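In: Structure here, sequence nowhere to be found:
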């Protein structure tokens, strides 16, 4: 099993465990969740607290985040699991839009759909407002120094296609525009490919229109550059 597949399976198992524990209150009696089947991949590092649906409803959204979101996304909004986006530093308006798209089936992801379809409109607001308070988390240093040739090409692409016009000179986003600087490379690759093919929906068609102008062979280079981007000191210009 590849690291990517193991990570995805672990995350899905974590969500399933959290939802199972939350739903096990019947007549005041709570059952213990069954162990994941053998060979289903590594167990999640963070186990969901045993809470009833009534207790969950009474929790703050910070506490509910710890139960439903942290097993996949990390307690501080960043975890090094393949294809799992960084939530730390994301604007609340962007988050609520994505939660809505998952809940309504317009974005597809097994783990996220399982969680989002249980959320009310108030939950969408509550979770997004809490996530919007999570400060950015500095990514861990790369295992090897960034390739200067790929970085130069990636920066040229970012400037040519005017990423800063929406995402800002520091790629930190704002309002309904996500923070992308330092986001996981594999998640950026998947997102760019989805926008390029038209399979990834957005709040508007802005990303689809922008990415459709980028040659497919350049998408991974742009993702590589953005993932290695480290804030205002490396600020871009919009040529």
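Out: It's in. None of the values given here were measured: they were computed from a predicted structure.

In: Go through the helix or strand harbouring residue 154 and flag the buried ones.
Out: Residue 154 is located in helix 148-160, with elements delineated by DSSP states H and E. If you call a residue buried by 16 or more other CB atoms under 10 Å, then helix 148-160 has these buried ones: 151, 153, 154, 155, 157, 158. Using the backbone N, CA and C atoms, a C-beta is placed for each residue, glycine as well.

In: what does stretch 95-109 give?
Out: Counting neighbours by 16+ other CB under 10 Å, one finds that the buried residues in stretch 95-109 are 95, 96, 97, 98, 99, 100, 101, 102, 103, 107.

In: Please report the separation between the first and final residues of it.
Out: End-to-end distance of stretch 95-109: 15 Å, with CA to CA, to the nearest Å as the criterion.

In: can you list the residues that contact that stretch?
Out: Contacts to stretch 95-109, defined as CB atoms under 8 Å, 6 or more residues apart in numbering, come from residues 87, 112-113, 115-117, 119, 124-125, 127-128, 131-132, 176, 200-201, 203.

In: Kindly give a single PyMOL line that selects the buried subset of those residues.
Out: Command for PyMOL that selects the buried part of the contacts of stretch 95-109, burial taken from 16+ other CB under 10 Å:
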select buried, resi 87+112+113+115+116+119+124+125+127+128+131+132+176+200+201
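
In: Name the residue closest to the centre of this structure, please.
Out: Closest to where the C-alpha atoms of the chain average out (CA atoms, centre = their mean) is residue 85, at 2.5 Å.

In: which residue packs closest to it, ignoring adjacent ones?
Out: Taking CB to CB, 6 or more residues apart in numbering as the measure, residue 85 lies nearest to residue 187, with 4.9 Å between them; neighbours along the chain are not counted.

In: and that neighbour, backbone torsions?
Out: For residue 187, the backbone dihedrals are phi -70, psi -40 (criterion: degrees, to the nearest 10).

In: how many other residues sit next to it?
Out: Other residues within reach of residue 187 by the criterion other CB atoms under 10 Å amount to 18.

In: Contact partners for it?
Out: For residue 187, counting by CB under 8 Å, 6+ apart, the contacting residues are 83, 84, 85, 86.

In: Just the buried residues out of the residues you listed, in ChimeraX syntax.
Out: Paste this into ChimeraX to select the buried members of the contacts of residue 187, with burial taken from 16+ other CB under 10 Å:
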select :84,85,86
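
In: Include pLDDT and secondary structure when you put the contacts of residue 187 into CSV, please.
Out: Compiled in CSV, these are given as follows (pLDDT from 0 to 100; DSSP: H, G, I helix; E, B strand; the rest coil):
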residue, pLDDT, secondary structure
83, 95, coil
84, 97, coil
85, 98, coil
86, 98, coil
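
In: Which single one of the contacts of residue 187 is nearest to residue 77?
Out: residue 86 (6.5 Å; CB to CB).

In: Could you measure from the residue lying closest to the closest one once chain neighbours are set aside over to residue 134?
Out: Take residue 86 and drop its neighbours on the chain: the residue closest to it by CB to CB, 6+ apart is residue 78, 4.8 Å away. Distance, residue 78 to residue 134, by CB to CB, to the nearest Å: 9 Å.

In: tally of neighbours for residue 72?
Out: 25.

In: For it, give its distance to residue 167.
Out: Counting by CB to CB, the gap from residue 72 to residue 167 is 24 Å.

In: Next: residue 202.
Out: In this structure, residue 202 and residue 167 are separated by 13 Å, where distance is defined by CB to CB.

In: can you check residue 81 too?
Out: The spacing between residue 81 and residue 167, counted by CB to CB, is 23 Å.
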